[in-house]
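*Asks:* please work out how this folds:
(chains A and B)
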Amino acid sequence: MVSLQPKIQLIMPKNIRVRFAPSPTGPLHMGGVRTALYNYLFAKSNGGKMILRIEDTDQSRFVPGAEHYIMESLAWCGIQFDEGVSEGGSYGPYRQSERKSIYKAYADQLIQTGNAYYAFDRTEDLNELRKQAEAKKKTFIYNAQTRKTLRNSLNMNDDEIKKHLMEGTPYVVRFMIPENICITMNDLIRGRVTVKSETLDDKVLFKSDGMPTYHLANIVDDHLMEISHVIRGEEWLPSLPLHVLLYEAFGWEKPQFAHLPLLLKPDGNGKLSKRDGDRLGFPVFPLQWKDPKSGEISSGYRENGYYPDAFVNMLALLGWNPGNDQELFSMTELIEAFSLDRVGKSGSKFDPEKAKWFNHQYLIQRSDKQLASEWKQWLKTEKNLEPESVKVVKIVSLIKERVNFVKELWDEASFFFEAPESYDEKVIKKRWKTDSPEQMENLATLLDTLEDFTAEKIDEKIKNWIADNELSMGVIMNALRLLLVGAAKGPHLGDIMEVLGKAESIKRIRSGIKTLLN
RNA sequence: GCUCCCAUCGUCUAGCCCGGUCAGGACGCCAGGUUUUCAUCCUGGUAACAGGGGUUCAAAUCCCCUUGGGAGUACCA
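*Replies:* Residues are numbered from 1 along each chain as shown, chains lettered A, B, ... in the order given. Predicted coordinates for the structure are as follows:
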């Protein structure tokens, strides 16, 4: 039994609290699942709490069903939350749309302390400025240089500001980036990162629709929820200076940050996207997703026959490694072995082939009985077959090594259920000789005399018969396989015949001979 | 364009922090072996420190530059 005791408690003074904070704008992509996984592993390996917070501050991007999808996906993966939308907890609510009322006061506080200001600029005007800058191959930045020329409270007296606010002129609240300072940040994965403040822009903290932006909501909630470690994707790294500045403006203690490298597409470069899955034929989502608007279906790992523990294991090793040769980890073992300092800095290309290999490993580790029961369900729904468990267990034990997925068992074992309807031409040519019909008929007669139709007895009988008649093992067995299976595949013939039973085996031999005579 | 991040076999990666092993493992691929077929399995092989400069007796490892790649650059998250 692996112990789940916190291991670096001594250097972790506070309670460890991490959050996974997705936006319900669509299905959770496998990169997101990995981020959630690393958060979970980090929390559990340090005896901490894992929190699910839904970041739905953008009402226009809300997608029905996405939130449910996210929770179902993580549950399927075995990633459990201590607090969250459905778990509850004393730091709720855990949906930002339900926390709407708390953000305004924080935006106001920043204005009062001179860290933020009202901006009345119209979107069209800003877009125009951006366009103009782009034409000159520059980027428009709302910062110390430009803010003095724009329509904001910095350039207005108190009366003007009041007037605008009273009249209901739409406004946003922007953070005022300090001039000419160096912001030094510490990232648990990348170490020290330094940025000059003049490269940053005065980001919008509070939108004209009364909702906070990600930046404000994120900092306020992480503070209020006492988040100790922010573990998120690398795409957030450019926002880190802003976030650090926000903590400082509020005078709050900062959490520790860890920015995870991206998951890259298998071929070429760039981050893994839904398109790559369609193009290369692998799922990028944990569960199947049907887009509520277009009706478009994206395939999922679950529906493709992956085991959740295999999927999680594969994901865990994409960017993290234990420092030794172990590759197979249960969730408990992952929790025990995980540490942030063994997470790499560079992006990882996803390899669909290795994903299959992981599933193969989990499939062959399964007991015959377990696997048989999984396959029985498949046989019932896909083939409308309800064979005896004993038979299925036996078959599974013979062929599980050859497949990666439960659904592939059929390809390797259909002949156990259906007598061959046709015979592989190539094999006929190679294995069906002029003597074969007679030899096979004799063999059928011989097998008919066998009382105890077990693999062991069958083998013994056939071997003796071959020896007594000075026949060739290869010639006989291959011809026999052709009649029983219809092709040059399958496990040991004795085993096949035992499962088929005496009557069926002999029947197949005789009808095969007949068919091949024509 | 600008800002930041990154760089070991085709892929995931160990080694880097604390310079000194034929640069190790896994997936894939190839070959051989076992076998009544196919697959499994076993054995072996393939293949990498992006380039250039420094520092040093010694550099994958430390420093700089170049190149390449990625991310960000919204009243999206």
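
*Asks:* just the element for A:R232, please.
*Replies:* strand A:229-233 (DSSP states H and E).

*Asks:* near RNA strand B, anything from that strand?
*Replies:* No. Using Cβ under 7 Å from any atom of the strand, strand A:229-233 stays clear of RNA strand B, coming no nearer than 7.9 Å. From N, CA and C alone the C-beta is placed, and that goes for glycine too.

*Asks:* and that strand, how far out from the chain middle?
*Replies:* 17 Å (Cα atoms, centre = their mean, to the nearest Å).

*Asks:* quick one: the helix or strand that that strand is followed by to chain centroid distance?
*Replies:* Using DSSP H and E, the helix or strand that follows strand A:229-233 towards the C-terminus is helix A:240-250. In terms of Cα atoms, centre = their mean, the centre of helix A:240-250 is found 31 Å from the chain centre.

*Asks:* tell me the buried residues in helix A:240-250?
*Replies:* A:L240, A:P241, A:L242, A:H243, A:V244, A:L245, A:L246, A:A249, A:F250 (16 or more other Cβ atoms under 10 Å).

*Asks:* adding distance to RNA strand B and pLDDT, write the residues you listed out as a markdown table.
*Replies:* Below are the buried residues of helix A:240-250 laid out as a markdown table (distance: Cβ to the nearest atom of the strand, whole Å; pLDDT from 0 to 100):
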| residue | distance to RNA strand B | pLDDT |
| --- | --- | --- |
| A:L240 | 8 | 96 |
| A:P241 | 8 | 96 |
| A:L242 | 9 | 97 |
| A:H243 | 11 | 97 |
| A:V244 | 12 | 97 |
| A:L245 | 14 | 97 |
| A:L246 | 14 | 97 |
| A:A249 | 18 | 97 |
| A:F250 | 18 | 97 |
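
*Asks:* quick one on the thing from earlier: what helices and strands are in contact with the strand holding A:R232?
*Replies:* In this structure, strand A:229-233 makes packing contacts with strand A:17-20, helix A:30-45, strand A:256-260, judged by 3 or more Cβ pairs under 8 Å, 6 or more residues apart in numbering; DSSP states H and E.

*Asks:* now do it against helix A:240-250, angle only.
*Replies:* On the basis of axes from the mean of the first three to the mean of the last three Cα atoms, to 10 degrees, strand A:229-233 is oriented at 150 degrees to helix A:240-250.

*Asks:* so where is the stretch 351-500 of chain A shaky, pLDDT-wise?
*Replies:* Within the stretch 351-500 of chain A, no stretch has pLDDT under 70.

*Asks:* would you mind measuring from the closest residue to A:Y307 other than its chain neighbours to A:M314?
*Replies:* Counting by Cβ to Cβ, 6 or more residues apart in numbering, the nearest residue to A:Y307 once its immediate chain neighbours are dropped is A:Y362, at 4.7 Å. According to Cβ to Cβ, to the nearest Å, A:Y362 and A:M314 sit 10 Å apart.

*Asks:* among the two, which residue is more densely surrounded?
*Replies:* More neighbours surround A:M314 than the other of A:Y362 and A:M314, with 25 against 19 (other Cβ atoms under 10 Å).

*Asks:* now do the strand holding A:R232, average pLDDT.
*Replies:* Throughout strand A:229-233, pLDDT has a mean value of 97.

*Asks:* for that strand, list the C-alpha coordinates in CSV.
*Replies:* The C-alpha trace of strand A:229-233 is given here as CSV (Å, rounded to 0.1, in the frame of the first residue of the first chain):
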residue,chain,number,x,y,z
HIS,A,229,-0.4,27.4,-6.0
VAL,A,230,-1.5,28.4,-9.4
ILE,A,231,-0.7,25.6,-11.8
ARG,A,232,-1.9,26.5,-15.3
GLY,A,233,-1.0,26.3,-19.0
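
*Asks:* now the angle from it to helix A:30-45?
*Replies:* 160 degrees.

*Asks:* report the contact partners of A:K433.
*Replies:* Applying Cβ atoms under 8 Å, 6 or more residues apart in numbering to A:K433 gives the contacts A:V475, A:A479.

*Asks:* that one in helix, strand or coil?
*Replies:* Taken by DSSP: H, G, I helix; E, B strand; the rest coil, the conformation at A:K433 corresponds to coil.

*Asks:* repeat for the one 10 residues further on
*Replies:* Under three-state DSSP, A:L443 falls in the helix class.

*Asks:* that one contacts A:M477, correct?
*Replies:* No. At 10.1 Å, A:L443 does not count as touching A:M477 under the criterion of Cβ atoms under 8 Å.

*Asks:* now do the shared contacts for those two.
*Replies:* Common contacts of A:L443 and A:M477 (Cβ under 8 Å, 6+ apart): A:I462.

*Asks:* these two: which is more packed in?
*Replies:* For A:L443 versus A:M477, the count of surrounding residues by other Cβ under 10 Å is larger for A:L443: 23 against 17.

*Asks:* against RNA strand B, how distant is that one?
*Replies:* With the distance defined as Cβ to the nearest atom of the strand, to the nearest Å, A:L443 ends up 13 Å from RNA strand B.

*Asks:* which residues sit in contact with that residue?
*Replies:* A:I462, A:W465, A:I476, A:L480, A:I509.

*Asks:* leaving out sequence neighbours, find the closest residue to the third one.
*Replies:* Nearest residue to A:I476 in three dimensions, chain neighbours excluded: A:I466, at 5.7 Å (Cβ to Cβ, 6+ apart).

*Asks:* the one you found is in contact with A:G474, isn't it?
*Replies:* No. Checked against Cβ under 8 Å, the pair A:I466 and A:G474 is beyond contact range at 10.0 Å.

*Asks:* more neighbours: the two, which one.
*Replies:* A:I466 (18 against 10).

*Asks:* secondary structure element for the more buried one?
*Replies:* Here A:I466 is assigned to helix A:455-468, by DSSP H and E.

*Asks:* ok, is that helix in contact with RNA strand B or not?
*Replies:* Yes. Judged by Cβ under 7 Å from any atom of the strand, helix A:455-468 comes into contact with RNA strand B at A:D459.

*Asks:* buried residues in that helix, which are they?
*Replies:* Here helix A:455-468 shows A:A455, A:I458, A:D459, A:K461, A:I462, A:W465, A:I466 as buried, counting by 16+ other Cβ under 10 Å.

*Asks:* over to stretch A:47-65?
*Replies:* For stretch A:47-65, the neighbour count (16+ other Cβ under 10 Å) marks A:G48, A:K49, A:M50, A:I51, A:L52, A:R53, A:I54, A:E55, A:D56, A:T57, A:D58, A:V63 as buried.

*Asks:* hmm, back to that, so which of the helices and strands packed on strand A:229-233 gets nearest A:R402?
*Replies:* The closest of these to A:R402 is helix A:30-45. By Cβ to Cβ, the value is 26.8 Å.

*Asks:* wait, what's in contact with A:D201?
*Replies:* Counting by Cβ under 8 Å, 6+ apart, A:D201 has contacts A:I141, A:Y142, A:N143, A:I177.

*Asks:* what's the distance between the second one and A:D121?
*Replies:* For A:Y142, the distance to A:D121 equals 8 Å [Cβ to Cβ].

*Asks:* for A:F282, the count of nearby residues, please.
*Replies:* 19.

*Asks:* wasn't it part of a strand?
*Replies:* No. Read with three-state DSSP, A:F282 is coil and lies in no strand.

*Asks:* so it touches A:P352, yeah?
*Replies:* Yes. In this structure, A:F282 is within contact of A:P352 by Cβ under 8 Å, at 4.0 Å.
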